[in-house]
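J.: 3D, please:
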Amino acid sequence: MTKMRMVGLVGIFGFLIAVLPSLAQAHCQVPCGIYDDHARVTAMLEDVTTVRKAVTMLEKLAAKTDVQSRQQFVRWVMNKESHAQKIISSIADYFLTQRVKPDQKEYVERLKKHHAVILAAMEAKQHADMKAVDALESAVQALLEYYPEK
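T.: Okay, the predicted model is just below:
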């Protein structure tokens, strides 16, 4: 195998490794009938818990100036934003595309509640305070009425 071809294959595999996990996280957009909506809401609440922990750690690390603390601070910011983005993606890629339907009872109210989660997650990404985390948790919990445990 030529060196150029080997570099091309490495690039393709690198791309697949980077892209496939994100594609696998969102449930497919094929009507397969395999849904556990309550589990997805529960997963979003776990993400909220992680965002809350990140904000707590950011508050503890904010005044520290040593390199290790600064590194940990950055990692917690990245973690907070990553978990808030997971919530946004769950709502946009799963719930709004597959579970919220125009013919459902209270369709507009459902849209508003799902959109409220996206907005609250965006606020949690932009701010490092517990008010934003509390609002996000409340918004996600409001979805439980539509997706009760079976």
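J.: Please report how far the residue most central in space within the chain lies from residue 61.
T.: Geometric centre of the chain, nearest residue: residue 86, 1.3 Å, by C-alpha atoms, centre = their mean. Distance, residue 86 to residue 61, using C-beta to C-beta, to the nearest Å: 22 Å. Glycine gets a C-beta too; all of them are placed from N, C-alpha and C.
J.: now residue 43
T.: Taking C-beta to C-beta, one finds residue 43 at 27 Å from residue 61.
J.: Which of these two has more residues huddled nearby?
T.: A count of neighbours by other C-beta atoms under 10 Å puts residue 61 above the other of residue 43 and residue 61, at 20 against 16.
J.: Tell me if I'm right that the more buried one and residue 74 touch.
T.: No: in this structure residue 61 lies outside contact range of residue 74 using C-beta atoms under 8 Å: 9.5 Å.
J.: could you point out where this structure is predicted with low confidence?
T.: 1-34 (pLDDT under 70).
J.: Does anything pack onto the lengthiest helix in the chain? Which helices or strands?
T.: The helix spanning the most residues in the chain, taking DSSP state H as the definition, is helix 37-61. Packed against helix 37-61 by the contact rule (3 or more C-beta pairs under 8 Å, 6 or more residues apart in numbering; DSSP states H and E) you find helix 67-89, helix 130-141.
J.: buried residues in that helix?
T.: Neighbour-count burial for helix 37-61 flags 37, 40-41, 43-45, 47-48, 50-52, 54-55, 57-58, 61 (criterion: 16 or more other C-beta atoms under 10 Å).
J.: How about stretch 107-127?
T.: Buried residues in stretch 107-127 (16+ other C-beta under 10 Å): 110, 113-114, 116-118, 120-125.
J.: Next, residue 63: phi, psi?
T.: Per-residue torsions, residue 63: phi -90, psi -10 (degrees, to the nearest 10).
J.: How many neighbouring residues does residue 69 have?
T.: Around residue 69 there are 14 other residues, counting by other C-beta under 10 Å.
J.: Contact partners for the nearest residue to it once chain neighbours are set aside?
T.: Spatially, and ignoring its direct neighbours in sequence, residue 69 is nearest to residue 61 (5.1 Å; C-beta to C-beta, 6 or more residues apart in numbering). Counting by C-beta atoms under 8 Å, 6 or more residues apart in numbering, residue 61 touches 69-70, 72-73, 76.
J.: Cool, thanks, talk later.
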